[in-house]
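Chemist: Just need the structure, nothing else, for what follows:
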Amino acid sequence: MKTLVREHGVRLAYVLDDHTDPWRDAQTIIFVHGFTENLHAWRCWVPHFSRDYRVVRFDQRGFGQSGAVPVDFNFSTQMLVDDARALIDEVSPNRPVHLVSGKSGGIAAVATAIAHPDRVASLTLTSPALKGPETPGWLEHIDRYGMASWARWTMGDRLGKQMPAAGVDWWVQLMGQTAPSTAHAYLRWVASVDLTQELARIHCPTLIVGNDSRRRGLALFREYLRRLPVGELAVIDEEGYHVAAAAPDACARATREFLVRHPAASAIPGH
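Modeler: Numbering: from 1, shown residues only. You can find the predicted model right below:
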């Protein structure tokens, strides 16, 4: 585990999985998790990439080993962009990176690509939630029964019926680690976000990975695709809407094929 020190003593935890040939100038992928997750959400993806790419997974502010935030903490899109930019500068100072995100992690990924186009070579958005999701009863359940109970309560739609019970338990345990105070602060922020109109400002190649679920269906993803200057859609045959978790191998294969076709420049343009 590594640590990136930010302003006011904030520390962002991250890990680097790098099994590339040490003499190669390997490209870097940064994975951005979604709500109530942490860097371990991407563990099944790592073997698909770490032999040929430098794989960076990090805990966004408020989650995992980066530490909880108080209930009145002011999350902002700009803050998350600044965190992402600092991490990019830390792990790949001389070459653009690929950003791969899950669910609402797509907000930080999209906003970073728009704000820093010279630092982002491509975007992959799995089950993207670019507009604050509907969360009826979530905080009430969290406050009354706890995070793990909330995670289990919402897990059916997230992972689908094909996930074994042990897999459901693992995801409940992972998501249940998030502090309720972080959940309150994050949901207050994300409810105000809608980046749909901003997609036209993304000029790097962008892959949307998703399925036709009740929570986020193909009609939404095709609307996102229509707005993207350079976009592709990979449809995954999976019931649960969180396809990155429910079908990690299929999602990783689609992402890898996309990255092979859209390699990062060997140096930052203009530098």
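Chemist: Any idea which helix or strand in this structure has the lowest mean pLDDT?
Modeler: Ranked by mean pLDDT, DSSP states H and E, the weakest helix or strand in the chain is strand 2-5, scoring a mean of 91.
Chemist: How about it, which residues are buried there?
Modeler: Using 16 or more other C-beta atoms under 10 Å as the test for burial, strand 2-5 gives L4. (Glycine included, C-beta is placed from N, CA and C.)
Chemist: Just the residues contacting it, thanks.
Modeler: With C-beta atoms under 8 Å, 6 or more residues apart in numbering as the test, strand 2-5 has contacts from 11-16, 58, 86-87, 90.
Chemist: Tell me the helix or strand right after that strand.
Modeler: Next helix or strand after strand 2-5 toward the C-terminus (DSSP states H and E): strand 11-17.
Chemist: next helix or strand past that following strand?
Modeler: Past strand 11-17, further along toward the C-terminus, the next helix or strand under DSSP H and E is strand 28-32.
Chemist: quick one: average pLDDT of that following strand?
Modeler: The average pLDDT for strand 28-32 rounds to 98.
Chemist: Show the average pLDDT along whichever helix or strand comes after that strand.
Modeler: Scanning forward in sequence from strand 28-32 by DSSP H and E, the next helix or strand is strand 54-58. Averaging pLDDT along strand 54-58 yields 98.
Chemist: so how far is the helix or strand that contains L220 from its chain's centroid?
Modeler: Per DSSP H and E: L220 is located in helix 218-227. On the basis of C-alpha atoms, centre = their mean, to the nearest Å, helix 218-227 is displaced by 18 Å from the centre of the chain it belongs to.
Chemist: Paired strands for the helix or strand just after that helix, with orientation please.
Modeler: For helix 218-227, the succeeding helix or strand toward the C-terminus, using DSSP H and E, is strand 231-235. Looking at strand 231-235 with DSSP bridges, its partner strands are strand 206-210 (parallel).
Chemist: quick one: stretch 165-183 to chain centroid distance?
Modeler: Mean-position distance between stretch 165-183 and its chain equals 16 Å (C-alpha atoms, centre = their mean).
Chemist: Now do the buried residues in it.
Modeler: Going by neighbour count (16+ other C-beta under 10 Å), the buried part of stretch 165-183 is 168, 171-172, 174-175, 177-179, 182-183.
Chemist: In TSV: those residues, plus distance to P96, pLDDT and secondary structure.
Modeler: Formatted as TSV, those follow (distance: C-beta to C-beta, whole Å; pLDDT from 0 to 100; DSSP: H, G, I helix; E, B strand; the rest coil):
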residue	distance to P96	pLDDT	secondary structure
V168	37	97	helix
W171	32	98	helix
V172	36	98	helix
L174	30	98	helix
M175	31	98	helix
Q177	32	97	coil
T178	31	98	coil
A179	34	98	coil
T182	30	98	helix
A183	33	98	helix
